[in-house]
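>>> dropping the sequence and predicted coords here.
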Amino acid sequence: MFKILRINMSDLSIKKEDIPEKYQGLGGRGLTSAIVSAEVDPHCSAIGPNNKLIFAPGLLGGTNCANSGRISVGAKSPLTGTIKEANSGGQPGGYLSRLGIAALVFEGQPADNKLYKLFVSKDKAELSQAEDLRGLGNYDTVERLRKTFGDKAGYVSIGMAGEWKLAAASVAFTDQDIHPVRHAGRGGLGAVMGSKGLKAIVIDPTGGEAAPIADKEAFKEAAKRFAKAITDHPVTGQGLPAYGTDVLINIINEAGGLPTRNFSAGRFEGADKVGGETLNKITVERHGTPTHGCMTGCIIRCSGTFLDEKGAYVSKWPEYETVWAWGPNCGIDNLDAIARIDRACDDIGVDTIETGNAVAVAMEAGVKAFGDWAGAEELIKEVGKGTPLGRIIGSGAAATGKAFGVRRVPVVKNQAMPAYDPRAIKGIGVTYATSTMGADHTSGYAIGPNIMKVGGYVDPLVPDGQAELSRNLQIATAAVDTAGLCLFVAFPVLDIPDALVAIVDMLNAKYGLSLTGDDVTSLGIRVLKMERDFNERAGFSNVDDRLPEFMKIEKLPPHNHVFDVSDEDLDSVYKF
């Protein structure tokens, strides 16, 4: 029987409780958003005592379902002021499931302003002081914790940015190699963790068990079908394992939607130098690992290990969004510099998308020149030092734009846009505008139908049909996040009908239910309605569901389009 652990940081008490009726049938994003929506005052300070921080594995966590070990982190966002769920891979999500924990809910704040760590195992949940970890980056934090708790545990931590409560601060999760390189990056949830006085969580799965399954044979059969769909699909079975998510650099560049030099163009002349094909080539030449899973049970294996020219470990493979944010968006075509910056972001504990955008905005202001990779490394070091300039950049693109008087700032609800320009890929523009969480490609990944022709095709340059496309994808994504599945399973789900049927069959077999595909759609709508309701109570309305003005009036080369999806269409997205 799964339980919720409530950790009160004000009095350092820990309470285990049954899952309340109103949260039944939810996991992952569905559970984090339900708790935030029901228990957090929408007008509270995001870094104050009345916000709550929730960690929740998904409904299929703790099983042998492929790619089901994701974890959701939820709270009111310090960056956007909206409800927020940030999603991560790594080991801790699966470990929590094996311990029978549906969610960790952190409440209050310590009166002594000290740092603490939480240890969770099969038989114990215990808070203890972590002052010895103060000021450490994520790498040193994990290394110290490993000396005490060993290599079988999973680790969750914040770096200096989280301690300083910077709005771009992330939450780090260790991967299979016990490196703190998987991040719940978006929305500044590392700052919420820091505001709770929580430096780290140690999860020891020893003695834990696989999640109970009502019909084991039916589950096994459905899981086999689901895995086959993943390996059969060309994106998840071939492209991502070979070249990682960075395979998208050349694809999006060719489509004219790769934001370059702070969203001033849609193609980057140095794209090939930082694309997935080059990343794979460098990795093989340096004897790195070109195919690697971020968590147990991953069969897509879109990550890898990046080594420097001397063969020393630098970081995991930089994700596509990271390569873009610090590469084309800053005019940089040096993969080694980007990998070093990626490691620095992981160590300091900041979102690579938000911080890369902030640096691009600073470059537009003349703080550094576009293409100056050494200057970009200097700026991320400023963030790590906590200097005034570093804290401005570590507070995100909007804060940086205000500090330096930049008009062209690519944010929605204060959150920076990811690696797709909405003027050339209009479906993703609708998602950016209308997502409950600010500009977020993962909320409704229109790149599939707009660019890759996965799940059909909608012309990316035409405004017609984009609102409906984004709406359907946002609904499906909310359900996928609630199940605890990797977002990339959306590729086979969109193209192979039995993939979705297999997910429904696994949920039914695990919980003894009789759900249909329509019920899964209803689940996604339920989650979105909860999130939308929180935002409305926080003061947000449809007027906040808009892209920046410059994207409506400045044409993007090479297609020379503006974002022209009508406000009426944007307002229709949430008319379920």
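Nice, thanks for sending it over.

>>> now the strands for the stretch 101-250 of the chain?
Ranges of strands in the stretch 101-250 of the chain, per DSSP state E, counting those that start in this stretch, are 101-107, 116-120, 125-129, 154-157, 171-173, 182-184, 198-203.

>>> now do the helix or strand containing Glu531: which elements does it pack against?
According to DSSP states H and E, Glu531 maps onto helix 517-537. Applying 3 or more C-beta pairs under 8 Å, 6 or more residues apart in numbering; DSSP states H and E, one finds that helix 517-537 makes contact with helix 28-39, strand 83-88, helix 466-483, helix 497-511. C-beta coordinates here come from the backbone N, C-alpha and C atoms, glycine included.

>>> for the last one, packing partners?
It stands for helix 497-511. For helix 497-511, the elements it packs on are helix 216-232, helix 490-495, helix 517-537, judged by 3+ C-beta pairs under 8 Å, 6+ apart.

>>> pick the most buried one from the strands of the stretch 101-250 of the chain.
Across the strands of the stretch 101-250 of the chain, the average number of neighbours (mean count of other C-beta atoms under 10 Å) peaks for strand 171-173, which reaches a mean of 31.

>>> show me how far that one is from its chain's centre.
Centroid separation for strand 171-173 versus its chain: 10 Å, with C-alpha atoms, centre = their mean, to the nearest Å.

>>> what mean pLDDT does it have?
Per-residue pLDDT over strand 171-173 has a mean of 98.

>>> from the contact counts, what lies against it?
strand 83-88, strand 154-157, strand 182-184, helix 189-195.

>>> hmm, 6 Å instead?
strand 182-184, helix 189-195 (3 or more C-beta pairs under 6 Å, 6 or more residues apart in numbering; DSSP states H and E).

>>> any chance of the helices and strands packed on helix 497-511 in a markdown table, plus distance to Met417?
Formatted as a markdown table, those follow (distance: least, C-beta to C-beta, whole Å):
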| stretch | distance to Met417 |
| --- | --- |
| helix 216-232 | 29 |
| helix 490-495 | 20 |
| helix 517-537 | 19 |
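
>>> point out the most buried one among those helices.
Highest mean neighbour count of these: helix 490-495, a mean of 24 (counted as mean count of other C-beta under 10 Å).

>>> any idea how far it is from the chain center?
19 Å.

>>> give me the neighbour count for Lys385.
Lys385 has 12 neighbours, counted by other C-beta atoms under 10 Å.

>>> how near is it to Trp164?
Going from Lys385 to Trp164 by C-beta to C-beta, to the nearest Å gives 11 Å.

>>> can you check Phe55 too?
Distance of Phe55 to Trp164, computed by C-beta to C-beta: 21 Å.

>>> re the thing from before, I'd like the helices and strands packed on helix 497-511 as TSV, with mean pLDDT and distance to Ala362 appended.
Compiled in TSV, the helices and strands packed on helix 497-511 are given as follows (pLDDT from 0 to 100; distance: least, C-beta to C-beta, whole Å):
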stretch	mean pLDDT	distance to Ala362
helix 216-232	97	40
helix 490-495	93	34
helix 517-537	97	29
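
>>> can you say which of these is nearest to Gly266?
Of all the helices and strands packed on helix 497-511, helix 490-495 sits nearest to Gly266, with 23.4 Å by C-beta to C-beta.

>>> give me the contacts around the closest one.
Helix 490-495 has contacts (C-beta atoms under 6 Å, 6 or more residues apart in numbering) with 229-230, 233, 235-236, 448, 454-455, 499-500.

>>> 8 Å instead, please
Helix 490-495 has contacts (C-beta atoms under 8 Å, 6 or more residues apart in numbering) with 229-230, 232-233, 235-236, 445, 448-449, 454-456, 473, 476-477, 480, 499-500, 503.

>>> can you go through those and name the buried ones?
229-230, 233, 235-236, 445, 448-449, 454-455, 473, 476-477, 480, 499-500, 503 (16 or more other C-beta atoms under 10 Å).

>>> could you find the closest non-adjacent residue to Thr32?
Computed as C-beta to C-beta, 6 or more residues apart in numbering, the closest residue to Thr32 that is not its neighbour in sequence is Gly74, at 2.6 Å.

>>> residues touching the one you found, list them.
Residues near Gly74 by C-beta under 8 Å, 6+ apart: 29, 31-33, 35-36, 53-54, 56, 83-86, 189.

>>> ok, His183 next?
Going by C-beta under 8 Å, 6+ apart, His183 touches 88, 170-173, 346, 349, 351-352.

>>> ok, 10 Å please
Applying C-beta atoms under 10 Å, 6 or more residues apart in numbering, we find His183 in contact with 73, 86-90, 138, 170-173, 189-190, 319, 322, 345-346, 349-352.

>>> then Ile203?
Neighbours of Ile203 in contact, by C-beta under 10 Å, 6+ apart: 55, 91-96, 98-99, 101, 104, 118-121, 149, 152-156, 173-174.

>>> now the end-to-end length of stretch 259-271.
Chord length of stretch 259-271, first to last residue, is 11 Å (C-alpha to C-alpha, to the nearest Å).

>>> and for stretch 7-27?
Terminal residues of stretch 7-27 are spaced 18 Å apart (C-alpha to C-alpha).
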